[in-house]
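> what follows is a predicted protein model with its sequence.
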Amino acid sequence: MSHRRLYPWVMVRLLPPMAPVVFARFDNLCDAKRYVQPLKRLIPDAKFLIFLDISLLV
């Protein structure tokens, strides 16, 4: 079983004009949201995106 299949929730940091950077994967959405809270306090101007990578679930 692939490591990515276990962690379908992906967190990316948006760094325009560069490509988005995937820097964390989670097995559920709650963990991802808890992880991003302190990041937003530490880096208030940063933009983060959390999404479900459904291509890995099939």
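Happy to help now that I have it. Residues are numbered from 1 along each chain as shown.

> and the pLDDT at the closest residue to residue 47 other than its chain neighbours?
In space, and not counting its chain neighbours, residue 47 is closest to residue 14: 4.2 Å by CB to CB, 6 or more residues apart in numbering. Any C-beta I mention is one placed from the backbone N, CA and C, and that applies to glycine too. Per-residue confidence for residue 14 comes out at a pLDDT of 94.

> for the protein, give me the ranges with low pLDDT.
For the chain, the stretches flagged by pLDDT under 70 are 1-5, 56-58.

> about what we covered before: show the backbone phi and psi for the residue nearest to residue 47.
With angles defined as degrees, to the nearest 10, residue 14 sits at phi -90, psi 120.

> that one contacts residue 49, correct?
Yes. With contact defined as CB atoms under 8 Å, residue 14 reaches residue 49; the gap is 6.1 Å.

> could you tell me which residues touch both of these two?
Contact criterion CB atoms under 8 Å, 6 or more residues apart in numbering; residues shared by residue 14 and residue 49: residue 20.

> quick one: residues contacting residue 35.
11, 24, 26.

> chain center to whatever helix or strand it lives in, what's the gap?
Assigned by DSSP states H and E, residue 35 belongs to helix 29-42. Computed by CA atoms, centre = their mean, to the nearest Å, the chain-centroid distance of helix 29-42 equals 10 Å.

> next, the buried residues of the next helix or strand after that helix.
Counting by DSSP H and E, the next helix or strand C-terminal to helix 29-42 is strand 47-52. Residues residue 48 are the ones in strand 47-52 that count as buried (16 or more other CB atoms under 10 Å).

> residues contacting residue 10?
Contacts of residue 10 by CB under 8 Å, 6+ apart are 22, 24-26, 50-53.

> my bad, should have said residue 36
11, 48, 50.

> would you mind measuring from the last one to residue 36?
Applying CB to CB, to the nearest Å, one obtains 7 Å for the distance of residue 50 from residue 36.
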